[in-house]
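Colleague: sharing a model that was predicted from the sequence below.
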Amino acid sequence: MKKVIIALMAVTVFAGSAIAADVIEMKKNVSFKHKAHVEALKDCTKCHAKAAGGKIEGFGKDVAHKTCKGCHADMKKGPVKCDGCHAKK
């Protein structure tokens, strides 16, 4: 039974990363490298409410600045300044 549960968990994780978009184009000239984040974090619940992913409820400027920028600062990895996420065109 233990092996079945582990196998199901592995399938769920790999299925999520297989369908994850490489790059998501967002508002305000932000390109989000989703696949890179999936591979680095290995835990969808760091951003999403469910391990299976899906829409992030209430996502917008405030959530992005608090969650994304906060994670980058905590991990000391990734951009924390405006031009690190918002590319000038």
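Modeller: Yes, it's here. Numbering: from 1, shown residues only.

Colleague: give the closest residue to residue 29 in space, chain neighbours not counted.
Modeller: residue 87 (4.8 Å; C-beta to C-beta, 6 or more residues apart in numbering). In short, each C-beta sits where N, CA and C put it, glycine included.

Colleague: now the helices for the chain?
Modeller: 2-19, 34-41, 61-63, 69-75, 82-85 (DSSP state H).

Colleague: how many residues are close by the nearest residue to residue 24 once chain neighbours are set aside?
Modeller: Nearest residue to residue 24, sequence neighbours excluded (C-beta to C-beta, 6+ apart): residue 32, at 4.5 Å. If you count neighbours by other C-beta atoms under 10 Å, residue 32 ends up with 15.

Colleague: wait, residue 32 touches residue 23, no?
Modeller: Yes. Using C-beta atoms under 8 Å, residue 32 is in contact with residue 23, at 6.8 Å.

Colleague: pLDDT value on the residue nearest to residue 24, please?
Modeller: Residue 32 is assigned a predicted lDDT (pLDDT) of 92.

Colleague: same thing with residue 53?
Modeller: 89.

Colleague: my read: it touches residue 46, true?
Modeller: No. Using C-beta under 8 Å, residue 53 makes no contact with residue 46, being 11.2 Å away.
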